[in-house]
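Chemist: Need coordinates for the below:
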Amino acid sequence: MITTPEEYAKYLWGIETQEPLLDEEGNVQYDENGNVIMHTVNPYNNKPLLSVILPSDEKTFDVDLDARSVSVPTFLSVAKDHRAETIYFLVDRYYDYKDLSTTSCIIEFINAAGEGGYYPVPFVDISTFSADEKMLIPWCIEGDVTKVDGPVQFAIRFYELDDANEKFIYNLRTQVAQAQVLTGMDESILDAHLDKDIMANLLLQINNKLDQTETTIYWTDLPRY
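Modeler: Numbering: from 1, shown residues only. Now for the predicted structure:
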């Protein structure tokens, strides 16, 4: 996901602004001194969450529950990345009799090293595509997925457990989909030349300089190793 500085500034500016207060007929309201009455509004209050957060060209990937299939991106991330990419899936909110927004959702995966795991989906967005009765599901790609480069298998699962958390009272899974983790820099070579104590000390010095001055810090001001 790439957000331009202009988009970011627009969203920040739009968090809170002032507008004239209108009556039920749309007429501007004035106080006893003839001044326009202003009130603070958030223009995004009635807009869906992710439609504000995401750039307008952010791609989503369809989940077809009838076929139980999942469309996939060209790649998930690069090897050793951690939370650098978030994939958004678009899925029907209602499937047969069930409102899937009320269920728990996880993304199960097997990374390219053959190790399994799952990602608990922290939230679903039921607003952005509410007119189409669809919801958005985020998958933040973490380091256990990108441990090594190669193909990653995954599936999306919606479920509910009984009150004792022992049995499924609802369980829906997609077919297995597959996407690539791309090859990154060979860390075994880099580690031989990287002193982590030096890196930690450099970061400490950068933070100290930032605490001590409000002027621009140039890399030439910092020690070389």
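Chemist: which strand is the longest one in the protein?
Modeler: Scanning the chain for the strand with the most residues, using DSSP state E, yields strand 150-161.
Chemist: Give me the pLDDT value at the nearest residue to V121 once chain neighbours are set aside.
Modeler: Counting by Cβ to Cβ, 6 or more residues apart in numbering, V121 lies nearest to C105, which is 4.1 Å off, once chain neighbours are set aside. For the C-beta atoms, the positions are set from N, CA and C on the backbone; glycine is no exception. For C105, the pLDDT comes out at 94.
Chemist: Contacts only, for C105.
Modeler: P120, V121, V124, I137, I156, R157, F158, Y159 (Cβ atoms under 8 Å, 6 or more residues apart in numbering).
Chemist: is it true that the fifth one touches Q175?
Modeler: No - counting by Cβ atoms under 8 Å, I156 does not reach Q175; the two are 9.6 Å apart.
Chemist: quick one: the helices in the protein?
Modeler: Along the chain, the segments classed as helices by DSSP state H run 5-15, 49-53, 187-191, 196-212.
Chemist: The second one - what's its average pLDDT?
Modeler: By that I understand helix 49-53. The average pLDDT for helix 49-53 rounds to 52.
Chemist: ditto for the third one
Modeler: Averaged over helix 187-191, pLDDT sits at 69.
Chemist: distance between the longest strand of the chain and the chain's centre?
Modeler: Centroid separation for strand 150-161 versus its chain: 17 Å, with Cα atoms, centre = their mean, to the nearest Å.
Chemist: which residues does N208 contact?
Modeler: With contacts defined as Cβ under 8 Å, 6+ apart, N208 has no neighbours.
Chemist: Please report how far the residue nearest the centre of the chain lies from G150.
Modeler: Centroid-nearest residue in the chain: T86, 4.7 Å away (criterion: Cα atoms, centre = their mean). Taking Cβ to Cβ, to the nearest Å as the measure, T86 and G150 are separated by 21 Å.
Chemist: tell me, what's touching I156 and Q175 both at once?
Modeler: Between them, I156 and Q175 share the contacting residues V70, judged by Cβ under 8 Å, 6+ apart.
Chemist: neighbour count winner among these two?
Modeler: Set side by side, I156 and Q175 show more neighbours around I156, with 23 against 11, by other Cβ atoms under 10 Å.
Chemist: partners of the more buried one in the sheet?
Modeler: I156 has these beta-bridge partners by DSSP bridges: I107.
Chemist: same question, T86
Modeler: Under the criterion used here (DSSP bridges), T86 is bridged to C140.
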